[in-house]
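Participant: Predicted model and sequence follow; I will ask about them next.
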Amino acid sequence: MFFLDPLWFLFAIPPLLVMFYAQHRVQSTYQRYAEVANAVGMSGAEIAARLLRAQGLSQVELEMSEGHLSDHYDPTSKTLRLSPDVYSASSVAALGIVAHEVGHALQDAQAYAPMQLRASLVPAVSFGSSLAPWLFLAGMFFQFVGLIWVAVIFFAGAVLFHLVTLPVELDASNRARALLQANGLVTVTEFEAADAVLKAAALTYLAALLQATAQLLYYVLAALGLSRRDE
């Protein structure tokens, strides 16, 4: 079976370790600066409202979401949702997280091409990435290389999605840095702390890309190996 293949471990474990490290960095960096009050004494919700007004994004709704670090901007409903801790906290960590999500709202308002491309990929990627592992398993079980190649094609969409996501997220973080400075919301020390939060978050997107790429490469090598055995 493929999960006993040493090659699978070679491709699966390194990206998984990177993902664990990235998640640890995010959690530890967030926890460190979530306990530090920001100098302006504003909650995440207040910071978000101020930045949205400053950028003329009055059409964007502001809501509290559920879950830990579930902060996101929803372009379909034009809604910025902040997790309870970020929504209510007057922390330095909240500065970076909120500004990043406002950065996404700006991308949407300015029709930022990579963000639009990512949104267009969501339906196909959601279907393809969920079906690809089952096609791959079936192909390996029945020794049917055609199914594995179909899995490769389907899962390539997931890799493309992660590839497009990386510049979208990096651009949102760059916008966040500019927003915080332009609106006088951070001291020099706080800017460095918010920057650390943004950089830690970026690692998770890089890790996701590495993980998806490694899985796709394994699918390709498995298909090539099975093809050679069939010759």
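Facilitator: Perfect, thanks for sending it. Numbering: from 1, shown residues only.
Participant: Quick check on residue 42: phi, psi?
Facilitator: According to degrees, to the nearest 10, the main-chain angles of residue 42 amount to phi -110, psi 140.
Participant: how near is it to residue 88?
Facilitator: Summarising the geometry, the distance separating residue 42 from residue 88, computed by C-beta to C-beta, to the nearest Å, is 11 Å. Every residue, glycine included, has its C-beta placed from N, CA and C.
Participant: other SSEs contacting the helix or strand harbouring residue 225?
Facilitator: Under the criterion of DSSP states H and E, residue 225 resides in helix 188-230. Helix 188-230 is packed against helix 6-34, helix 92-109, helix 113-141, helix 145-182, with contacts defined by 3 or more C-beta pairs under 8 Å, 6 or more residues apart in numbering; DSSP states H and E.
Participant: State the separation between the longest one and the centre of the chain it belongs to.
Facilitator: Once both centres are worked out by C-alpha atoms, centre = their mean, to the nearest Å, helix 145-182 turns out to sit 8 Å from its chain's centre.
Participant: Repeat that for stretch 173-184.
Facilitator: Worked out by C-alpha atoms, centre = their mean, stretch 173-184 lies 20 Å from the chain centre.
Participant: where does this protein dip in pLDDT?
Facilitator: Within the chain, the segments meeting pLDDT under 70 span 1-4, 230-231.
Participant: which residue is nearest the middle of it?
Facilitator: Among the residues of the chain, the one closest to the centroid is residue 205, at 4.6 Å (C-alpha atoms, centre = their mean).
Participant: tell me the contacts of the spatially closest residue to residue 172 that is not a sequence neighbour?
Facilitator: Taking C-beta to C-beta, 6 or more residues apart in numbering as the measure, residue 172 lies nearest to residue 103, with 3.6 Å between them; neighbours along the chain are not counted. By C-beta atoms under 8 Å, 6 or more residues apart in numbering, the contact set of residue 103 is 171, 172, 173, 174, 175, 176, 179.
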